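1. Quick one, structure for this:
(one chain, ligands or ions: 1)
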Amino acid sequence: MKMKLSLSKVVGSCRLGTLTNLGKKGIQCMDIPGCLLYTKMGSAPHLTHDTLKTVKDVPVVAQLPLPALVELQEVMEEYKEGIGKFVGMPDSVVYCSLHDPAIFSPPGYNNKKAVSIWGSGGRMEMTPSKFMTIQQALQPDWFQCLADGDTIAGEVSKKRAKKSVDRSLSFLDECLQLQEQFPELQESVMIGVIEGGNVLEERLRSAKETAKRPVGGFLLDGFQGTAMAKDTKLELLSSVVAELPEDKPRLIHGIGRPDEVLELIERGVDVFESCFPYQVTERGCALSFSYSYHPDPDRDVLQENGKPTMEESKDEKTKTETLSGVQEMTAFEICLKEKRYQDDFGPLVSGGCSCYCCQNHSRAYVHHLLMTNELLAGVLLMMHNFQHYFAFFCSVRDALKEDSLDKLKAIIFRQTD
Ligand SMILES: [Zn+2]
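-> The predicted structure follows:
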């Protein structure tokens, strides 16, 4: 069974469609634009499989970052039935990404023979043969090919951008050759990686050459972080996407803010991560933005009552240190650590969030859990944040179906000021 992408609507570069024949049995499907389920080694952060089941619209494709899986290689070689079954997600479609988006990868450690990946135990060097032997043991449904994406921090020279493309293409060819030799990987889809930093001609070369190879989809890499100006990013993405075949999905990592997601969907990106709601959870915050583009005056009133005005929230914007650097709170969330919530008995989001946390608990309770460092705080916030984020993607698809993406975009952008 081969993965298939059917597009039901294309407006400009923006695509609405379904990926079918996914997974080992080839029976799963995923709507695009959509997102992956972010996991650490197969389980959503803070959640057990049972608690995850209460979250609505959970993505079919689970992202399992490679760094956490490397140590499992021997166990998986003995187990022989693949990582999906091993982690208790036999029905999920497993996508193995090269890096963990929540873990910072220091620059300067790649060379033409190997790419460095970073896990909790530090740095690991991946040569194509080591990388493919691990994939053979893991047997993921999709995997990101080995690539040199070390072009994110600061100014990247033309020479460095060219190197990232040359190396990534040679890794790709080596990995494709190895894949042919491994019977365990015949059903697995390799995602080709497009590199080239901020140099247009290198980006185009990377896209054209990668598209010539038998990959199942494309990852637009190296756009995470803030070093590259936003306009440059968007221009590069438009040019790169124009070089890609229509019948394969385009993924991106490290971009998750709702406003940025919409801008990228308009430029032809199909699949995002869900690391953003995880990061929101880690700073003790709850997603609170409105994604409802249908006029509903009652709901708007509730939202305004529930959310602090922008001026208030700006004063108290909290900065939280995480592994990937300073993660600043965005305008799409409220910080439950703030004192104002200690006697706020309303749900995290007023206006009818149906998540387990909003249905059963108050802001005051979550505030108290955070203040006393109770693990339950992360569980409840993660349940809400995932459900809110997944619902946002449903809303994006509905808006596309109904030709209302502009309306949704206006609502999202109004909340960024
Ligand atoms: Zn909720």
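2. Those residues of this protein touching the ion, which are they?
-> L348, C353, C355, C358, H384 (Cβ under 5 Å from the ion). Heads up, the C-betas are built off the backbone N, CA and C, glycines and all.
3. run the last query once more with 8 Å
-> By the criterion of Cβ under 8 Å from the ion, the positions of the chain lying close to the ion are 286, 347-349, 353-359, 383-384, 387-388.
4. Specify which member of those residues is nearest to L336.
-> Using Cβ to Cβ, A286 is the member of the residues of the chain next to the ion that sits closest to L336, with 5.9 Å.
5. R15 reaches I32, doesn't it?
-> Yes. R15 is within contact range of I32, at 6.4 Å (criterion: Cβ atoms under 8 Å).
6. Can you pull the residues that touch both of those two?
-> Counting by Cβ atoms under 8 Å, 6 or more residues apart in numbering, the common neighbours of R15 and I32 are D270.
7. What mean pLDDT does stretch 224-235 get?
-> Averaged across stretch 224-235, pLDDT comes to 89.
8. quick check, P277 in a strand?
-> No. Using DSSP: H, G, I helix; E, B strand; the rest coil, the assignment for P277 is helix, not a strand.
9. just checking, it touches N385?
-> Yes. P277 lies in contact with N385 (Cβ under 8 Å); the separation is 3.8 Å.
10. Give me the below-cutoff pLDDT ranges for the stretch 1-150 of the chain.
-> Residue ranges of the stretch 1-150 of the chain with pLDDT under 70: 1.
11. Let me see the ranges of the strands in it.
-> 4-11, 14-22, 28-32, 34-35, 37-38, 61-65, 93-97, 115-119, 122-126, 142-144 (DSSP state E, counting those that start in this stretch).
12. Give me the sheet partners of the third one and which way each runs.
-> Right, strand 28-32. Strand 28-32 pairs in its sheet with strand 14-22 (antiparallel), by DSSP bridges.
13. do the same with the first one
-> Pairing partners of strand 4-11, with direction, according to DSSP bridges: strand 14-22 (antiparallel).
14. quick check: angle from the strand it pairs with to strand 93-97?
-> If you take axes from the mean of the first three to the mean of the last three Cα atoms, to 10 degrees, strand 14-22 sits at 110 degrees to strand 93-97.
15. Okay, buried residues for strand 14-22 please.
-> Neighbour counts over strand 14-22 (16 or more other Cβ atoms under 10 Å) mark C14, R15, L16, G17, T18, L19, T20, L22 as buried.
16. Kindly reformat these as CSV containing distance to L251.
-> Converted to CSV, these look like this (distance: Cβ to Cβ, whole Å):
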residue, distance to L251
C14, 16
R15, 13
L16, 16
G17, 14
T18, 16
L19, 11
T20, 17
L22, 14
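17. which one among these gets closest to the ion?
-> L16 (26.3 Å; Cβ to the ion).
18. What distance do you get for the nearest residue to M382 once chain neighbours are set aside to E282?
-> Leaving aside its chain neighbours, M382 sits nearest to H46 (4.2 Å; criterion: Cβ to Cβ, 6 or more residues apart in numbering). Separation of H46 from E282 (Cβ to Cβ, to the nearest Å) stands at 9 Å.
19. Give me the common contacts of the two.
-> G378.
20. Which one's more surrounded, those two?
-> H46 (22 against 19; other Cβ atoms under 10 Å).
21. wait, that one sits on E374?
-> No. At 11.7 Å, H46 does not count as touching E374 under the criterion of Cβ under 8 Å.
22. Show me whatever sits in contact with both of P277 and N385.
-> Joint contacts of P277 and N385 (Cβ under 8 Å, 6+ apart) are L287.
23. how far away is the residue nearest to M382 from the ion?
-> As judged by Cβ to the ion, to the nearest Å, H46 and the ion stand 15 Å apart.
24. List just the nearest of the residues of the chain next to the ion to A242.
-> Closest to A242, out of all of these and judged by Cβ to Cβ, is H388, at 32.8 Å.
25. Bridged to the nearest residue to that closest one once chain neighbours are set aside, which residues?
-> Of all residues not flanking H388 in the chain, L287 sits nearest, at 4.1 Å (Cβ to Cβ, 6+ apart). L287 forms beta bridges with E333, as assigned by DSSP bridges.
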